[in-house]
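>>> Give me a model of this one.
(one chain, ligands or ions: 1)
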Amino acid sequence: MSHKRPTVAFIGTGVMGAAMARHLLDAGYPLVVFNRTKAKAEPLLDAGAIWAGSAGEAASMADVTITMVGYPRDVEEVYLAPGGIIDQAPDGALLVDMTTSTPTLAVRIAEAAAARGLAALDAPVSGGDVGARNATLTIMVGGDAAAYERALPLFEVMGKTVTLMGGPGAGQHTKMANQIGIAGTMLGLIEALQYAKAAGLDLARVHAALSGGGANSWSWGAYGPRILAGDFAPGFYVKHFVKDLRIALDEARTLGLALPGLGLAERLYARLHESGGAELGTHALWLLYERGEQAAPVDHAGD
Ligand code: NAP
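Next comes the predicted model:
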């Protein structure tokens, strides 16, 4: 059967993309890969993927192109720059951006793709590095139903809960709602454990006891144990969460919606980012509180 599967180009083989691409390879999809730093694609190449010299070249070799890069500027570059994916994808190809990016850029890409006879979806994910490794991601999709049906077998290889949310940009809007929710659960996790520590409680016992209670959340379960172990490696980079919180604040402003809790999370994470935490995982917000820097006035232009 595997020879009948469409060839997939996968651009961006970092923390998330490498694991997601590996599932596609294991499921029998012929895979072409490109990543800015080639070393991060080596395990996939060793497992049988083919290297391409650029994002556009990878797309030119594939029926479906999937991108999982870092920031909206990276998405814009790989899709819309001269010689990029839109320029080089073969007629009729399907393009799927799984990066957390802006709804506006998703609409621009969908329009540019349609003008060239290509189909495009925005399909950001939730579930973290663990979800990528275990193929249990939640995938939120924006685009038309026919393109969604084409992509669904691939989504089902990488994720568990896959939902078409609406037209272009609807996946990214849904992801922003998710990030707003996570901003709250991360602050809840950190502040609950900080309080327990200040009260002289045993943190491991508090974490275990409350795991069956109302304070439990995905963040509580995924990141509590890493905080207790003093392991602040990403996971989910602080630099990417700051990006997401700012996209969400911008979109809320455009919608005329005040979200003060989101604003507070952005200020705290911006402070962590500026004090050397950009490359740590989001649960490293714990360290800001450990240093007593959460109480200092944080004044950010983005607020
Ligand atoms: P990451 O490890 O930084 O992966 C991004 C990869 O894209 C990197 O390997 C990077 O190359 C590559 N890249 C960036 N620009 C490129 C370009 N122009 N051409 C080719 N490759 C390019 O980040 P990640 O944690 O996998 O996250 C990826 C996206 O998923 C982000 O938007 C993030 O917000 C989102 N996300 C992450 C998580 C999570 O828990 N980690 C969960 C949900 C969503 P280099 O190797 O050179 O840096």
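
>>> so how far is residue 273 from the residue of the chain found nearest the ligand?
Proximity to the ligand, evaluated over the chain using CB to the nearest ligand atom, is greatest for residue 14 at 1.9 Å. (C-beta placed from N, C-alpha, C; glycine too.) According to CB to CB, to the nearest Å, residue 14 stands 18 Å off from residue 273.

>>> before we move on, the earlier item: ok, the residue of the chain closest to the ligand touching residue 35?
Yes. Shown here, residue 14 and residue 35 form a contact pair, counting by CB atoms under 8 Å, at 7.3 Å.

>>> the more surrounded of those two?
Higher neighbour count among residue 14 and residue 35: residue 35, with 24 against 20, using other CB atoms under 10 Å.

>>> show me the contacts for that one.
Under the criterion of CB atoms under 8 Å, 6 or more residues apart in numbering, the contact list for residue 35 reads 11, 12, 13, 14, 17, 41.

>>> Relative to residue 139, how far out is it?
As for residue 35, its distance to residue 139 is 21 Å (criterion: CB to CB).

>>> Near the ligand, which residues of this protein? Just list them.
For the chain, the residues in contact with the ligand (CB under 6 Å from any ligand atom) are 11-17, 34-37, 40, 55, 68-70, 74, 77-78, 99-100, 125-126, 128-129, 235-237, 240, 244.

>>> Out of these, name the ones that lie in strands.
Counting by DSSP state E, those place 11, 34, 125, 126 in strands.

>>> Any chance of JSON lines for the residues you listed, columns distance to residue 208, pLDDT and neighbour count?
Formatted as JSON lines, those follow (distance: CB to CB, whole Å; pLDDT from 0 to 100; neighbours: other CB atoms under 10 Å):
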{"residue": "11", "distance to residue 208": "41", "pLDDT": "98", "neighbour count": "32"}
{"residue": "34", "distance to residue 208": "44", "pLDDT": "98", "neighbour count": "24"}
{"residue": "125", "distance to residue 208": "29", "pLDDT": "98", "neighbour count": "25"}
{"residue": "126", "distance to residue 208": "25", "pLDDT": "97", "neighbour count": "20"}
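
>>> Can you list phi and psi of the residue of the chain positioned farthest from its centre for me?
Computed with CA atoms, centre = their mean, the residue of the chain farthest from its C-alpha average is residue 200, at 36.2 Å. As for residue 200, its main-chain torsions (degrees, to the nearest 10) stand at phi 80, psi 20.
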